[in-house]
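Sequence first, predicted coordinates after that:
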Amino acid sequence: MTEPNLDAAYASPAIEGAHRTGTPELVELYEEIADCPACGLARTRTQTVPGWGPAPAEVMCIGEAPGAREDEQGFPFVGAAGRFLDELLAGIRMSRETVHIANVVKCRPPGNRDPQPEEIAACQPYLDRQIALVDPLLIVTLGRFSMARWFAGTTISRIHGQPKRFGNRLVMPMFHPAAALRRGDLRAVIAADFARIPALLDEARTIRAEEPADASPDVDAPIAAAASLPASEQRALL
Ligand code: SF4
């Protein structure tokens, strides 16, 4: 991604970004996250990585957790997986300027281990508020942890690329871009799933026009349910 010129007046790059592209409520949320002590990850993080991109936004991508580079720089999805995500977005004429990007947990798990159920549960209220502020028409879940919020008890390999309507928005499960770094054959699969986003967005716009207010619950299960999948599936599938 193109990193912005940072202004020392802001506590973090994400907060500066929220000032530029979000609402006062998003800035407030990011500032609250920056000081969050609610789980053990607060002790080991360099900084929080709440998200990046406009609010509101038609499309919101939700990944897993910040890695080492994200923890250092304060942006989600930097490094090789982030470059692949940028490529995928460019392929459908979108970018980080138009899509909101977030993770299930806002602090890096040490050694890039999986986020634990209690960490996901502690962080979930922040993600709930973020989704409410971004109010996306289409949510793209990247990997199993964000997928599990809407699609419980399954695996990403079974349901990737199969969108489902929740309330007045669509949710599209996809592999995490990092999966393609470990398994080259997934690159084309992920690109094919991404290529469906523009058509899905058209569908999502129609849904929103017909149902502007969302009265129904938009979750199937707590995200922490992902951690209850069999270990073999958790390891194999991002
Ligand atoms: S991961 Fe979430 S809940 Fe845990 S310390 Fe970071 S911001 Fe707070």
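Arrived safely.

Please report how far P109 lies from I101.
Going from P109 to I101 by Cβ to Cβ, to the nearest Å gives 18 Å. Just so you know, the C-beta spots here come from the backbone N, C-alpha and C atoms, and that holds for glycine as well.

before we move on, what about P37?
Distance from P37 to I101, counting by Cβ to Cβ: 24 Å.

And these two? Which one has more around it.
I101 (24 against 9; other Cβ atoms under 10 Å).

which SS state does the more buried one fall under?
strand (DSSP: H, G, I helix; E, B strand; the rest coil).

what are the bridge partners for it, then?
I101 has these beta-bridge partners by DSSP bridges: W52, C61.

does it really touch E64, like I thought?
No - using Cβ atoms under 8 Å, I101 is not in contact with E64; the gap is 12.0 Å.

can you list the residues of this structure near the ligand?
Contact residues, the chain versus the ligand (Cβ under 6 Å from any ligand atom): 33, 36, 38-39, 41-42, 48, 105-107, 119, 122-123, 126.

Same list (the residues you listed) but as CSV, adding secondary structure.
Output for the residues of the chain next to the ligand, formatted as CSV (three-state DSSP):
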residue, secondary structure
I33, helix
C36, coil
A38, coil
C39, coil
L41, helix
A42, helix
T48, coil
V105, coil
K106, coil
C107, coil
E119, helix
A122, helix
C123, helix
Y126, helix
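
Any of the residues you listed buried? List them.
33, 36, 38-39, 41, 48, 105-107, 119, 122-123, 126 (16 or more other Cβ atoms under 10 Å).

possible to save the residues you listed as a markdown table with pLDDT?
What follows is those, written out as a markdown table (pLDDT from 0 to 100):
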| residue | pLDDT |
| --- | --- |
| I33 | 97 |
| C36 | 98 |
| A38 | 98 |
| C39 | 98 |
| L41 | 98 |
| T48 | 97 |
| V105 | 98 |
| K106 | 98 |
| C107 | 98 |
| E119 | 98 |
| A122 | 98 |
| C123 | 98 |
| Y126 | 98 |
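
and P115, what element?
Element membership of P115, judged by DSSP states H and E, is empty: it is in no helix or strand.

My guess is D135 contacts P56. True?
Yes - in this structure, D135 is within contact of P56 by Cβ under 8 Å, at 4.8 Å.

What residues sit buried inside stretch 147-164?
Quick answer for stretch 147-164 (16+ other Cβ under 10 Å): 147-152, 154-156, 159-161, 163.

center of the chain, which residue is that?
I62 (1.4 Å; Cα atoms, centre = their mean).

And that one, how close does it get to the ligand?
14 Å (Cβ to the nearest ligand atom, to the nearest Å).

what does R183 give?
For R183 relative to the ligand (Cβ to the nearest ligand atom), the value is 28 Å.

How about P110?
From P110 across to the ligand, the span is 12 Å (Cβ to the nearest ligand atom).

Contacts for stretch 15-31 next, please.
4, 6-7, 10-12, 14, 34, 48, 50-55, 97, 126, 129-130, 133-134 (Cβ atoms under 8 Å, 6 or more residues apart in numbering).

again, only this time at 6 Å
The contact list for stretch 15-31, computed with Cβ atoms under 6 Å, 6 or more residues apart in numbering, reads 6-7, 10, 14, 50, 52, 54-55, 129, 133.
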